[in-house]
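Visitor: Need the 3D shape of this:
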Amino acid sequence: MEILTQMWNAISYRYNMAATCVGLSGLLFISSGKLLASVMPRTFPQTLLQNKEEINNWNRNFKISAPMVVHSTMFNSKKLNIIYNKRLYDKKFCTVNSLSNHILRNPNEQLKGSRLFKNTIPEIECRGYFNVVSKLHRVGAEVKEEIDF
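Guide: Numbering: from 1, shown residues only. I've put the predicted structure just below:
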């Protein structure tokens with residue numbers, strides 16, 4: 001969603017040279033409008049996805065109407081290097097997950113979580129509640145170094 005991109009741009013610009021990472025996490029309550037959501041299936045593919053095109057073809061796309069709740073966590077820094085399958089991902093770190101009536105009403109579609117949102121109409125109405133991230137936990141992974149905020 002454009003609002004989350006704007007928030008990430010703002011903290012990245014403001015804290016660009018900060019000695020420590022700055023993180024935000026919170027909820028957006030979308031009360032009106034429509035979004036295009038790229039949603040991951042519940043089961044993972046049998047083969048490794050090699051590029052963005054394969055990832056986009058694997059995801060399911062939906063136009064979802066409000067109401068919707070979106071959770072996002074973002075950081076200002078590229079210092080949070082994420083290693084997955086022995087590959088280093090140092091792009092901007094921003095996670096987005098949602099819950100909507102569409103996802104709840106269609107359990108046989110086996111939907112897991114959302115990866116990308118985009119407004120389908122120029123205006124959406126939302127309220128956001130965000131707080132500063134003070135500690136980052138990663139479940140199921142060996143801790144290589146501590147990250148201070």
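Visitor: Tell me the bridge partners for Leu27.
Guide: Going by DSSP bridges, Leu27 is paired in beta bridges with His71, Tyr129.
Visitor: And for Ala37?
Guide: Beta bridges link Ala37 to Phe62, Phe117, judged by DSSP bridges.
Visitor: Correct me if wrong: it contacts Asn59.
Guide: No. Contact criterion C-beta atoms under 8 Å: Ala37 and Asn59 do not qualify, at 9.1 Å. For glycine as for every other residue, the C-beta is placed from the backbone atoms N, C-alpha and C.
Visitor: With neighbour numbers in mind, choose between these two.
Guide: Just comparing Ala37 and Asn59: by other C-beta atoms under 10 Å the higher neighbour count belongs to Ala37, 27 against 18.
Visitor: what's the distance between that one and Tyr13?
Guide: Note on Ala37: its distance to Tyr13, by C-beta to C-beta, to the nearest Å, is 27 Å.
Visitor: go on, Cys21?
Guide: From Cys21 across to Tyr13, the span is 15 Å (C-beta to C-beta).
Visitor: Who has more neighbours out of these two?
Guide: Set side by side, Cys21 and Tyr13 show more neighbours around Cys21, with 19 against 9, by other C-beta under 10 Å.
Visitor: For that one, report the pLDDT, please.
Guide: Per-residue pLDDT puts Cys21 at 73.
Visitor: Quick one: the strands in the protein, in order.
Guide: Along the chain, counting by DSSP state E, strands occupy 23-32, 34-41, 60-65, 68-75, 82-84, 87-89, 94-100, 111-119, 125-132.
Visitor: Contacts made by the first one with the rest, please.
Guide: Under the criterion C-beta atoms under 8 Å, 6 or more residues apart in numbering, residues 1, 3-4, 7, 11, 66-76, 124-133, 136, 149 lie in contact with strand 23-32.
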